[in-house]
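Colleague: This is a predicted model, with the sequence first.
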Amino acid sequence: MSRWFRSEHMEYISLIVNEDAAHDCLADLGKLSAIQFTDLNPDLTPFQRRYVSYVRRCDELERKLRFFGNECDNFGLKLETAGDIDTFLESPSGSARAITAGGGDKKGTQLLESLEVELDGYESQLRELNAYSEKLTREYNEKVELQEVLEKARRFFMTDAPRLAVSELSSGRPGSSEGLLAGAHDDEARDMDMRFSSITGVVATEEKVRFERMIFRATRGNCYVRFAPIKQPITDPETGSLVEKCVFIVFFKSLSIETKLKKICDAFFAHRYSLPDMDDAPAVDRLLTENAQELVDSRTVLLKNQDTRFRLCQMLAQHTERWTWIVLREKAVYHTLNMFKSDVSGMLRGEGWVISEHFEDVRMSVNRAHSDMDHSMPNYVDQVPKPWPTPPTHFTTNKFTYGYQEFVNTYGIPRYREANPALFTAATFPFLFGVMYGDIGHGLFLFCAGLYLLWNEEKNEKAKLDEMTAGLHTGRYMMAMMGFFAVYAGLVYNDCFSLGLNLFGSRWVFSSEAPEEGEVAEMTGQFGDGDSVYPFGLDPMWHVASNELLFFNSFKMKLSVIFGIFQMFSGTCLRGINYIYFNKKLDFVCEFLPMVAFACSLFVYMVVLIFMKWSINWNSRMLSATCLDPNDAGWGSPDYEGEWVQCNGGGDGTCTPWGYVCQGNDSLEDKCPLNYGGSGDGCQPPNLITTLINIALAPGTVDEPMYYGQAGIQNFLLMIAGISVPVLLLAKPYFLSKQMESNHHSAHDDDDEEEHGMGEIIIHQAIETIEFVLGMVSNTASYLRLWALSLAHSELATVFWEKAMLSTLNMNWFATFIGYGIFAGTTFGVLLMMDVLECFLHALRLHWVEFQNKFFAADGIRFAPYSFKQILKDASA
């Protein structure tokens, strides 16, 4: 964990390698994931780089592999995985013999050439098959459509046409004598004159309404249109999708209308087909038979083509991902080589940041690559002066710590060697979540969900997950810990689905077996006795007490303040640790110490008062200021910790346990033996909120003190807080101005620049002071969300239980069944989904704002190593 507290040490190095061995050097360095190269050619455009042609070739290979992947997707084939990335990088997969038919150990340029030859062959073969398939599909579709047109048209002329003719004759004018006297010659002329022309074809079903409307408007209703749906959808040869179509036949009587109809058909991409004379039944039957036979032949050829393409895609699916990984690796090599500079012919120079502990590994990799190439020319790997003062930040993480580090990195990258908030977040984030979500039952569901993700860890590592599932997989350990601490907090609150669990036996009992509302419970042991304390968590009797809400509110509110001040003060201490580590003595003295003084004098003191109030035996103190009759049964009660003193009588006949004779009108100050001052004199439990407010508003006044000299101590603490603020505001700018004056006298700097720099320092320090002072107040109040969300969670669980379950238990079994369904649904939707997200976001805010702003700069530079593993992982995501 100490290694996780600060980022890894970095060194800036320079590499000089032989150009022929450069590819092998970077191939080995990519496996180390330990070096981040610097671009030494920032003035060159990407098209002016030395190895741009190789990068283009890799881009072209990537395009071909994407084409293969799309074709496999069209057949529903899943690309076979290339296995584990680490295994792939360590295996001889980088050599050509692992991926090509050539068989030799080919690297670099030879590897690209062999891949290009092989993938070119597969691409040309697949494109040729696709073009032939498109052509066959189009021909097959035409034959299918012609068959449907012939069948639908014949059915129309055999059934609908005679019926329409009869309807036309029956609607003739009865008063016409020409119809009665017309001869055979007139009938034949009339038949020829009344014959209609027609256009038949196929149009998409979704265009049917628009197509019909357009025909009606273009011809002004001077045509007759009939549609008949095609039962089987037809495959689109270009997209491969299935399209619903229908047959249409349009009757018209004008050449101008025919021209318009053809243009409309072309506009709607309707396929038109010429029909023979439908009165010649043998010719129509012969055409149908011939087309049906051609349809069978076309389908056979089309299926054969599809089978050939399928088998080719099956073979490509086995190798596409491995080829993709190799191309990505080669592309990364050449892209990195473009960052190198050629200062000397035949040599390349590169620079970059390397993790210090891997420096020797980098040197060995470069030497090994040159020895494999049998080059006698020496190479060079050594440290050089850093070009800028801030190295990149890198933390070595594992499966558990990775999620928390990304959690922090989302807000900002830590500075180089700065204290890492993720180390503390790994413990405090799930804990604060549990404080807000504390419930044994609900937390157990969340814990089991985390365990399920952990159980399937290896399976999910190898699978390709969607964005949401990948996020859950990354936070699997976080989720399990969140559930664990929710169960732990639920045990402390003794809350399980809003019900208290009597696990260890309550320390409170009622006098009757069936207590009524308002009855008072008695403790089973003496106050302060070990037997009177519930072993773990809160006594379940609090869940049925009339002051349940008041007690839980007070308890959770004080816990929230304690946790908040502890976490904020820890963040302030981390600021001081950073100052010590970076040897910033001025910041430590002029910023950190005033901050600690201000925080301790007011806020840490608040926590001290809370614990004091919890630890004091107020029963004994209040009893010491209570007038009792010496002859009463309460006299000599063990609740009083002091010695009982028998009074000599007098007054009203009563006296206090310490011997004060009561007169009947005595004040609490008179009866209390502690003499702490104020109206309570130390015998009355104080209201802490009033006490804390009066520290600033009424200095020196404590109405209900808890210890002797409390007013004086609070005045002293207030003075420290008051002094620390101007020290925090003015001390650092003052000393910096003195340093700038000394530098000015020695270096004769420009006065304007000095004044400008000093003004920025004063403004920055003023902002820092205001942010810290006001932030301590507002952030302390912000931690009350721990109490608020815990209260909301418990109250919602209570409402769901009482309204959905308890109200239906006394009805009947069906009502109980419905009530349980409502209870389960609302619990899952609201408490197990929405409330988990709500508590997560609030815990996130407490860490990002309240905790991290006390010390975290978040302006570091993330270490982006030259890593094959990361490149392949990103490509597989």
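Modeller: Yep, it's here. The structure displayed is predicted, hence computed values, not measured ones.

Colleague: hey, let's count contacts and neighbours off CA atoms from now on
Modeller: Fine.

Colleague: Can you name every helix or strand that the helix or strand where S371 lies contacts?
Modeller: In this structure, S371 is located in helix 359-372 according to DSSP states H and E. Contacts defined by 3 or more C-alpha pairs under 8 Å, 6 or more residues apart in numbering; DSSP states H and E place helix 359-372 against strand 10-18, helix 22-32.

Colleague: What strands line up against the next helix or strand after the last one, and which way round?
Modeller: What that stands for is helix 22-32. Next helix or strand after helix 22-32 toward the C-terminus (DSSP H and E): strand 35-38. Using DSSP bridges, the strands paired with strand 35-38 are strand 347-355 (antiparallel).

Colleague: so the strand it pairs with versus strand 10-18, what angle?
Modeller: Angle, strand 347-355 to strand 10-18, by axes from the mean of the first three to the mean of the last three C-alpha atoms, to 10 degrees: 160 degrees.

Colleague: okay, strand 347-355 in CSV with CA atoms only?
Modeller: Extracted in CSV, the C-alpha atoms of strand 347-355 (Å, rounded to 0.1, in the frame of the first residue of the first chain):
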residue,chain,number,x,y,z
MET,A,347,20.3,5.9,-36.8
LEU,A,348,17.1,7.0,-35.0
ARG,A,349,16.9,8.9,-31.8
GLY,A,350,13.9,8.7,-29.4
GLU,A,351,13.2,10.2,-26.0
GLY,A,352,10.6,9.6,-23.4
TRP,A,353,9.6,8.9,-19.8
VAL,A,354,10.3,5.5,-18.3
ILE,A,355,9.4,3.9,-15.0
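
Colleague: now the angle between helix 359-372 and that strand, please.
Modeller: Using the same axes, to 10 degrees: strand 347-355 against helix 359-372 is 150 degrees.

Colleague: Secondary structure class of M612, three-state.
Modeller: helix (DSSP: H, G, I helix; E, B strand; the rest coil).

Colleague: now swap in the one 10 residues further on and tell me
Modeller: In terms of secondary structure, M622 is helix; the call rests on three-state DSSP.

Colleague: quick one, what contacts it?
Modeller: By C-alpha atoms under 8 Å, 6 or more residues apart in numbering, the residues touching M622 are 683-684.

Colleague: And it, how far from P392?
Modeller: For M622, the distance to P392 equals 62 Å [C-alpha to C-alpha, to the nearest Å].

Colleague: How about S356?
Modeller: Counting by C-alpha to C-alpha, the gap from S356 to P392 is 12 Å.

Colleague: which residues are common contacts for those two?
Modeller: Common neighbours of S356 and P392 (criterion: C-alpha under 8 Å, 6+ apart): M10.

Colleague: Which of those two has more residues huddled nearby?
Modeller: Neighbour totals were compared for S356 and P392, and P392 leads with 25 against 15 (other C-alpha atoms under 10 Å).

Colleague: quick one on the thing from earlier: going by neighbour count, list what's buried in the helix holding S371.
Modeller: By 16 or more other C-alpha atoms under 10 Å, the buried positions in helix 359-372 come out as 359, 362-370.

Colleague: hang on, the earlier thing: for H842, find the nearest of the helices and strands packed on helix 359-372.
Modeller: strand 10-18 (35.4 Å; C-alpha to C-alpha).

Colleague: ok, and what's touching stretch 602-610?
Modeller: Contacts of stretch 602-610 (C-alpha under 8 Å, 6+ apart): 558, 561-562, 565-566, 688, 692, 717-718, 721.

Colleague: Which of those sits closest to R220?
Modeller: Nearest to R220 among the contacts of stretch 602-610, with distances taken as C-alpha to C-alpha, is V561, at 83.3 Å.

Colleague: before we move on, back to that, the following helix or strand past the helix holding S371 - which strands sit beside it in the sheet, and in what orientation?
Modeller: Going down the chain from helix 359-372, the next helix or strand is strand 380-383, by DSSP H and E. Within its sheet, strand 380-383 is paired with strand 10-18 (antiparallel), according to DSSP bridges.

Colleague: All set now, cheers.
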